[in-house]
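1. The sequence and its predicted three-dimensional model are supplied below.
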Amino acid sequence: MTEQRKSGLNPAARTLLRRIDARRAKIGIIGLGYVGLPLACLFAEKGFAVTGFDVDVMKTDKLNMGRSYIRHIPGKRIAPLVKAGGLRASADFRGLKAMDCIIICVPTPLSKQREPDLSFVANTATEIGKHLKAGQLVVLESSTYPGTTDEVVRPALETKKLKSGRDFFLAYSPEREDPGNETYGTAAIPKVVGGDGPAALELALALYDAAVVKTVPASSPATAEAVKLTENIFRSVNIALVNELKVIFDAMGIDVWEVIDAAKTKPFGFMPFYPGPGLGGHCIPIDPFYLTWKAREFGITTRFIELAGEINTLMPRYVVDRLVGALSERAGKALKGARILVIGLAYKKNVDDMRESPALTLIEMLEAQGAKVDYHDPIIAAIKPSREHPHLAGRRSIALSDTNLKRADVVLIVTDHDAIDFKRVGKAAKLIVDTRNTMARAGWRGRNVIKA
């Protein structure tokens, strides 16, 4: 930041900028989940004093003991930061008043009607507003529709007659976490930043420049919000395309995975996406519907986005149909009364995150038709309570023993964790329905595998 750029800021902004540049700014991060916790660790590693805020006392207590509750963020990363005093956690939101920068990393789910549920964002903004003081920077990172920062967060913060851009500074920077990605951790992913005015933009850029490889300024918070939705809609649409191709090519006796692997050898004009049993995680199944909902305000229908959502949502039904057909053809059995062993509960490999996982939907669909379903996941020992699948809470993973594999009428592979020996699965299981092309990648060529 040059002195010329600093001179364009008011005294409150200049003071905060100096604190950020000197690593003396105190950072408060609200929401200590898959986004907030790695961000808190990163800023602490860069020399900032970080306080993580969360309503879940289990999380704050564990962090203050130097322990983790997220598999890919080990305690050995957290403990030194806590011991050195750079990272602490609190459930007392009155501590927000002592922060210089406050970053919001709370969930933005969909309601049962598939409409945006901004209650976490709204409640958090209201809580910040109670403790807000002049000179603070507030950044929203939660994925949301364009306009949320301006229409929801800013009014909640201006209740004390403090004005954005004059007394405090407001920005939006979408989270881009990819849990379990060992190549692109938080520090290695560029951050898009949109500020409510030039001062907020300069301050937010300075804050993230201190921690990540690159910052990308956007002209407004709404533009930055649109960037996040565009990234995930792009993935949703392309996944829907290959899911549809999977169904078509299967009817033709063609292996879609072989097609994709051959197509990706083209050095231009093609980007590989892979089919699966349905979408999972917090972003891709949810974010597109935020834009769909907002577009209706402008009288616009999002037919392309909604079609992609429809295709992806139907994939568990396709998997069940394939399983029923395989069970009848290969074993001469009906689904009712059949023993099904689901392998993998997490929404993606090598993480302990089961949010929106298609495995949960598949278990419910199979049991609704009379099947007896167990699951094995080496990372998720028990199913956590969820709003969408409350009656599955408490179910526990069973051992992946030869006995359990042989007892199952069908082994259904939903998540291809690296920790699982799939060749062993191939040897022991009578029939395997594979939704991830896992057995082929493991080198298993047995005739007991049906791709779905």
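-> The structure has been received and is ready for your questions. Numbering: from 1, shown residues only.
2. from here on, contacts and neighbour counts on C-alpha atoms
-> Fine.
3. any idea which helix or strand comes after whichever strand or helix holds Thr126?
-> Using DSSP states H and E, the element containing Thr126 is helix 119-131. Downstream of helix 119-131, the first helix or strand assigned by DSSP H and E is strand 137-140.
4. what distance separates the helix or strand following that next one from the centre of its chain?
-> Using DSSP H and E, the helix or strand that follows strand 137-140 in sequence is helix 148. Put simply, helix 148 sits 19 Å off its chain's centre (Cα atoms, centre = their mean, to the nearest Å).
5. name the helices or strands packed onto the helix holding Thr126?
-> The helices and strands touching helix 119-131, judged by 3 or more Cα pairs under 8 Å, 6 or more residues apart in numbering; DSSP states H and E, are helix 154-157.
6. Of all the helix elements in this protein, which one is longest?
-> In the chain, with assignment by DSSP state H, the single longest helix is helix 221-251.
7. helices or strands next to that helix in the packing?
-> Where contact means 3+ Cα pairs under 8 Å, 6+ apart, helix 221-251 is packed against strand 169-172, strand 191-195, helix 256-263, helix 287-296, helix 303-326.
8. now the angle from it to strand 191-195?
-> For helix 221-251 against strand 191-195, the angle by axes from the mean of the first three to the mean of the last three Cα atoms, to 10 degrees is 140 degrees.
9. Report the rounded mean pLDDT for helix 221-251.
-> Averaged over helix 221-251, pLDDT sits at 97.
10. Report the buried residues of that helix.
-> Neighbour-count burial for helix 221-251, counted by 16 or more other Cα atoms under 10 Å, picks out 221-229, 232-233, 235-247, 249.
11. next one: whichever strand or helix holds Asn404 to chain centre, how far?
-> Using DSSP H and E, the element containing Asn404 is helix 402-407. On the basis of Cα atoms, centre = their mean, helix 402-407 sits 33 Å off its chain's mean C-alpha point.
12. Spatially central residue (nearest the centroid) of this protein, please.
-> Taking Cα atoms, centre = their mean, the centroid of the chain lies closest to His282, which sits 4.0 Å from it.
13. List the residues that contact the closest residue to that residue other than its chain neighbours.
-> Setting aside the residues directly before and after it, His282 is nearest to Arg355 in space (Cα to Cα, 6 or more residues apart in numbering), at 6.2 Å. Listed by Cα atoms under 8 Å, 6 or more residues apart in numbering, the contact set of Arg355 reads 280-282, 346-347.
14. Neighbour-wise, which one of the residues you listed leads?
-> Most neighbours among the contacts of Arg355, by other Cα atoms under 10 Å: Ala346, with 28 neighbours.
15. ranges for the strands of the stretch 1-150 of the chain?
-> With DSSP state E, counting those that start in this stretch applied, the stretch 1-150 of the chain shows strands at 26-30, 49-53, 87-90, 101-104, 137-140, listed in chain order.
16. Buried residues, the third one. List them.
-> Judged by neighbour count using 16+ other Cα under 10 Å, the buried positions of strand 87-90 are 87-90.
17. helices or strands next to it in the packing?
-> helix 36-45, strand 49-53, helix 57-64.
18. cutoff 10 Å now
-> Under the contact criterion of 3 or more Cα pairs under 10 Å, 6 or more residues apart in numbering; DSSP states H and E, strand 87-90 touches strand 26-30, helix 36-45, strand 49-53, helix 57-64, helix 75-83.
19. Sheet-wise, list the partners of that strand with their directions.
-> Strand pairing for strand 87-90, determined by DSSP bridges: strand 49-53 (parallel).
20. Kindly export the strand it pairs with (C-alpha atoms) in PDB.
-> This file holds the C-alpha atoms of strand 49-53, laid out as PDB (Å, rounded to 0.1, in the frame of the first residue of the first chain):
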ATOM      1  CA  ALA A  49      -4.000 -12.400  17.000                       C
ATOM      2  CA  VAL A  50      -7.200 -14.400  16.100                       C
ATOM      3  CA  THR A  51     -10.300 -15.100  18.100                       C
ATOM      4  CA  GLY A  52     -12.800 -17.600  16.700                       C
ATOM      5  CA  PHE A  53     -16.400 -17.200  17.800                       C
END
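21. Closest one to Asp434 out of the buried residues of strand 87-90, please.
-> Looking at the buried residues of strand 87-90 and their distance to Asp434, the nearest is Ala89, at 42.0 Å (Cα to Cα).
22. quick one: that closest one from Arg67, how far?
-> Applying Cα to Cα, to the nearest Å, the value for Ala89 to Arg67 is 12 Å.
23. Now do the shared contacts for those two.
-> Here Ala89 and Arg67 have 59-61, 82 as joint contacts, going by Cα atoms under 10 Å, 6 or more residues apart in numbering.
24. For ChimeraX, what selects the buried ones among the residues you listed?
-> Selection command for ChimeraX covering only the buried members of the shared contacts of Ala89 and Arg67, criterion 16+ other Cα under 10 Å:
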select :59,60,82
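25. Pick out whichever of the shared contacts of Ala89 and Arg67 sits closest to Glu310.
-> Nearest to Glu310 among the shared contacts of Ala89 and Arg67 is Lys59, at 35.8 Å by Cα to Cα.
26. Contacts only, for the closest one.
-> Counting by Cα under 10 Å, 6+ apart, Lys59 touches 31-33, 37, 52-53, 67-70, 89-91.
27. still on that earlier bit, mean neighbour count, the helices and strands packed on helix 221-251: which tops it?
-> Neighbour counts (mean count of other Cα atoms under 10 Å) averaged over each of those peak at strand 169-172, with a mean of 30.
28. Tell me which strands that one pairs with, and in which orientation.
-> Here strand 169-172 has these sheet partners by DSSP bridges: strand 137-140 (parallel), strand 191-195 (antiparallel).
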